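K.L.:
Fold the stuff below for me.
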Amino acid sequence: MRLAPIALAALITSPLAAQETGPAVISEGAAEEAAEAVAAEVAGDARELQILAASEVTLADFLWLRRPIVVFADTPADPRFAEQLELLAARPGALMDRDAVIITDTDPATLSPVRKQLRPRGFQLVLIGKDGEVKLRKPFPWDVREITRSIDKWPLRRDELRKK
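P.N.:
You can find the predicted model right below:
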């Protein structure tokens, strides 16, 4: 099965995505990650964060290959859904470094295989390990920094880091 990424710009419909922000305070860790992202961009790293529709995939497709991050909502107009996609789009490099793939499902009427397996209620963010186990469920949007810190605590991710 070929997995086609959904254009991230098409998913983000919030006017907040187009707003300019003032100067930001960057922590030391964030500065290092930003420098790595710029270096990868300069080196011609053309990787893109995959965002897939839940109706097109199953969680078994990613077993031992990727870490699915599943975002559920009852409608694409849910402000929490739009905020979560904006947060994910803000730092795709950190998620790609952790072999993450984003799966979205905003149609509870059509029971996708992912929705049948995870059975969410309303908005839900679900982090799944490469082993296929649900590691974390959140009923509100989470920043990429919080997501990556959680992933970095998982035993398989720690093994990956030791082997690098």
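
K.L.:
okay, CA-based contacts and neighbour counts for the rest of this
P.N.:
Will do.

K.L.:
Okay, and the residue nearest the centre of the chain sits in which element?
P.N.:
The centroid of the chain falls nearest to Ile102 when counting by CA atoms, centre = their mean (4.2 Å). Per DSSP states H and E: Ile102 is located in strand 100-105.

K.L.:
model confidence over that strand, on average?
P.N.:
Computed over strand 100-105, the mean pLDDT rounds to 98.

K.L.:
where do the strands sit along this structure?
P.N.:
Remark: strands assigned in the chain by DSSP state E are 51-53, 67-72, 100-105, 124-128, 134-138.

K.L.:
Report the distance from stretch 120-136 to the chain centre.
P.N.:
In terms of CA atoms, centre = their mean, to the nearest Å, the centre of stretch 120-136 is found 11 Å from the chain centre.

K.L.:
Output that stretch as PDB - backbone C-alpha positions only.
P.N.:
Only the C-alpha atoms of stretch 120-136 are listed here, as PDB (Å, rounded to 0.1, in the frame of the first residue of the first chain):
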ATOM      1  CA  PRO A 120     -11.600   8.100  20.900                       C
ATOM      2  CA  ARG A 121     -14.200  10.400  22.300                       C
ATOM      3  CA  GLY A 122     -14.100  13.900  20.800                       C
ATOM      4  CA  PHE A 123     -10.700  15.400  20.400                       C
ATOM      5  CA  GLN A 124      -7.800  13.100  21.300                       C
ATOM      6  CA  LEU A 125      -4.100  13.000  20.700                       C
ATOM      7  CA  VAL A 126      -2.700   9.400  20.800                       C
ATOM      8  CA  LEU A 127       1.000   8.600  20.800                       C
ATOM      9  CA  ILE A 128       1.900   5.100  19.700                       C
ATOM     10  CA  GLY A 129       5.300   3.400  19.900                       C
ATOM     11  CA  LYS A 130       7.000   1.400  17.100                       C
ATOM     12  CA  ASP A 131       5.900  -1.700  18.900                       C
ATOM     13  CA  GLY A 132       2.200  -0.800  18.300                       C
ATOM     14  CA  GLU A 133       1.400   0.000  21.900                       C
ATOM     15  CA  VAL A 134      -0.500   3.100  22.900                       C
ATOM     16  CA  LYS A 135       1.900   5.000  25.000                       C
ATOM     17  CA  LEU A 136      -0.100   8.200  25.800                       C
END
